[in-house]
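Novice: test case, fold it:
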Amino acid sequence: MTATTQRSTKVECINCGARNRVPAVAEGTPRCGKCSTPLRWVVDANDDEFHAVVDESSLPVLVDVWAPWCGPCRMVSPALERLAGELAGNLKLVKVNADDNPEVSRRFEVRSIPTLVLLDHGTVVDKQIGALPEHQLRSWLESKLPTGAS
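Specialist: Predicted structure coming up:
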């Protein structure tokens, strides 16, 4: 087992409140161990683990390329996490710090942040550059998610 597959995040189930460990890499959709409700899947990834965390995901993945010094990035982040909760079971949110991970930035030709890249089985579905209000992010995501995902 690699360090990527061992790393996990604790997530509270929105249905029953149980705390669950959600791994960065997993097959299928993470579900609550108590009530089986799909869990919000938000993970950080770096250049080394990006392929395993993103390209091999069975769910569509929204990659958020951001930086800690970026005001618009910090503004959009809570909205993205809420959307990941609303779309639990249908979307994985992966956050990548652009300053620390130049390979991911090169791969997606990131010239401005925040840059959001929606992928399905490793293939780019669409890209959104710049901060948008939550309702516009929701509309964009719902219109671009593969059929059956939203």
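Novice: what's the closest non-adjacent residue to the residue nearest the centre of the chain?
Specialist: Central residue of the chain (CA atoms, centre = their mean): residue 93, 0.9 Å from the mean position. With CB to CB, 6 or more residues apart in numbering as the criterion, residue 93 has its nearest non-adjacent residue at 4.0 Å, and that residue is residue 84. Heads up, the C-betas are built off the backbone N, CA and C, glycines and all.
Novice: that neighbour: neighbour count?
Specialist: Counted with other CB atoms under 10 Å, the neighbours of residue 84 add up to 21.
Novice: test my guess that it contacts residue 42.
Specialist: Yes: under the criterion of CB atoms under 8 Å, residue 84 makes contact with residue 42 at 5.2 Å.
Novice: can you list residues touching both of these two?
Specialist: Counting by CB atoms under 8 Å, 6 or more residues apart in numbering, the contacts common to residue 84 and residue 42 are 92-93.
Novice: for residue 128, list the residues it contacts.
Specialist: By CB under 8 Å, 6+ apart, the contact list for residue 128 reads 115-116, 118, 137, 140.
Novice: how about those residues in JSON lines, adding pLDDT and distance to residue 20?
Specialist: Listed next are these as JSON lines, based on pLDDT from 0 to 100; distance: CB to CB, whole Å:
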{"residue": "115", "pLDDT": "98", "distance to residue 20": "30"}
{"residue": "116", "pLDDT": "98", "distance to residue 20": "26"}
{"residue": "118", "pLDDT": "97", "distance to residue 20": "25"}
{"residue": "137", "pLDDT": "96", "distance to residue 20": "25"}
{"residue": "140", "pLDDT": "96", "distance to residue 20": "28"}
